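**Student:** 3D model of this:
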Amino acid sequence: MKLALAPFGVSPPASFKAFLLRIERLAAEAALAGADLLALPEYAAMVCAGAEIKSPDIEAELLHAVAKADEILAELVEMAKRHKLYILGGSLPMRDADGKIRNRAPFIAPSGRLEFQDKQAMTRFEDEEWGVAGGMAPKVFETPFGRIGVSICYDSEFPLHMRPQVAAGAKLILVPCCTASPAGFNRVRLCARARAVENQCYVAVIPLVGEAAWSGSIDVNIGHAALFTPCDAGFPDDGVAAAGALNEPRLVFAELDFAAIDAVRREGAVLNHRDWEDVAPARAVPLA
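**Tutor:** Numbers count the residues shown, from 1 in each chain. Okay, here's the model as predicted:
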């Protein structure tokens, strides 16, 4: 399986159409390079507000993204079908029937089938300033390559968010993130590396990047895309299979071998996956 990890820049688009075109170009580039899955960052949808909101207004930016969520989803579905890609559409703030806004990651198959993984643990900013609520429990998505999980940003800092996904058979966890400081990004980065070691799986980090003077919500964004692995036979000694440049909004490509995950879980120098007493598996969702 080949991943295209897309650190997404927060420079304001000229229009909503230009925002969608930016994603379209990433999808086309990923497909041309032979990628099977394109992954976007947490809160990538917030960037679209920059076309209409020119001064920092956190509430207006959030509500703008909420209002555009269905249209963004529809376009992402068509991109997945058009380019024959799985697409992790970053995350979208979406309003539920109960009136609450949740941070929701759409996972889309090349067929156009759409499923979601919600963020469960809210950062202080989301909770205290945005009023975003935690959502659905961890699940895994069934694909022809194997089972894949999504753990949005802060959720990756809690081992028991990712562990039920691994217990359900996930060998790759995608971590779309949005962090406003080196410390924040390092929390996500280091926790993602820990999750790869303790679960003997792949973990990919996909950050929002750049500075947006127009925004009160995504004004500073720091990070680099990376794919982390176990530190054991068949994998890099430091557990870093691929890493992009800091704050660089360019695709990072990475190859995965799920058979190597099976092998290290059977024959590794350590057997972290086996030796951690398992939790109840997450729900598996077919996505073909």
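
**Student:** how many neighbours does the nearest residue to residue 155 once chain neighbours are set aside have?
**Tutor:** Excluding its sequence neighbours, the residue lying closest to residue 155 (C-beta to C-beta, 6 or more residues apart in numbering) is residue 161, at 4.4 Å. In this view, the C-beta of every residue, glycine as well, is placed from N, C-alpha and C. Neighbour count for residue 161, taken as other C-beta atoms under 10 Å: 22.

**Student:** so how far is residue 98 from residue 161?
**Tutor:** 22 Å (C-beta to C-beta, to the nearest Å).

**Student:** contacting residues around the residue nearest to residue 155?
**Tutor:** Going by C-beta atoms under 8 Å, 6 or more residues apart in numbering, residue 161 touches 120-121, 138, 151, 155.

**Student:** need the residues you listed in JSON lines (columns: secondary structure).
**Tutor:** JSON lines is the format used below for the contacts of residue 161 (DSSP: H, G, I helix; E, B strand; the rest coil):
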{"residue": "120", "secondary structure": "coil"}
{"residue": "121", "secondary structure": "coil"}
{"residue": "138", "secondary structure": "coil"}
{"residue": "151", "secondary structure": "coil"}
{"residue": "155", "secondary structure": "helix"}
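
**Student:** how about the residues you listed, which pair is most distant?
**Tutor:** 121 and 138 (11.2 Å; C-beta to C-beta).

**Student:** tabulate the contacts of residue 161 in JSON lines, adding columns for distance to residue 24.
**Tutor:** Converted to JSON lines, the contacts of residue 161 look like this (distance: C-beta to C-beta, whole Å):
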{"residue": "120", "distance to residue 24": "31"}
{"residue": "121", "distance to residue 24": "32"}
{"residue": "138", "distance to residue 24": "30"}
{"residue": "151", "distance to residue 24": "27"}
{"residue": "155", "distance to residue 24": "28"}
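
**Student:** ok, so of those residues, who is nearest residue 30?
**Tutor:** residue 151 (21.5 Å).

**Student:** state the number of residues packed around the closest one.
**Tutor:** A count of nearby residues for residue 151, using other C-beta under 10 Å, gives 29.

**Student:** could you tell me the backbone phi and psi angles at it?
**Tutor:** Phi and psi for residue 151, reported as degrees, to the nearest 10, are phi -130, psi 110.

**Student:** which SS state does residue 77 fall under?
**Tutor:** Classified using three-state DSSP, residue 77 is helix.

**Student:** OK, contacts around the residue nearest to it when sequence neighbours are not counted?
**Tutor:** Excluding its sequence neighbours, the residue lying closest to residue 77 (C-beta to C-beta, 6+ apart) is residue 112, at 4.9 Å. Residue 112 is in contact with 77-78, 80-81, counting by C-beta under 8 Å, 6+ apart.

**Student:** list buried members of those residues by neighbour count.
**Tutor:** With burial judged by 16 or more other C-beta atoms under 10 Å, the buried subset of those is 77, 80-81.

**Student:** tabulate those (JSON lines), appending pLDDT.
**Tutor:** Converted to JSON lines, the buried ones among the contacts of residue 112 look like this (pLDDT from 0 to 100):
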{"residue": "77", "pLDDT": "98"}
{"residue": "80", "pLDDT": "98"}
{"residue": "81", "pLDDT": "98"}
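
**Student:** quick one: which of those is nearest residue 206?
**Tutor:** residue 80 (16.4 Å).

**Student:** the closest one: helix or strand, and which one exactly?
**Tutor:** helix 58-83 (DSSP states H and E).

**Student:** next helix or strand past that helix?
**Tutor:** Helix 58-83 is succeeded, C-terminally, by strand 86-88 (DSSP H and E).
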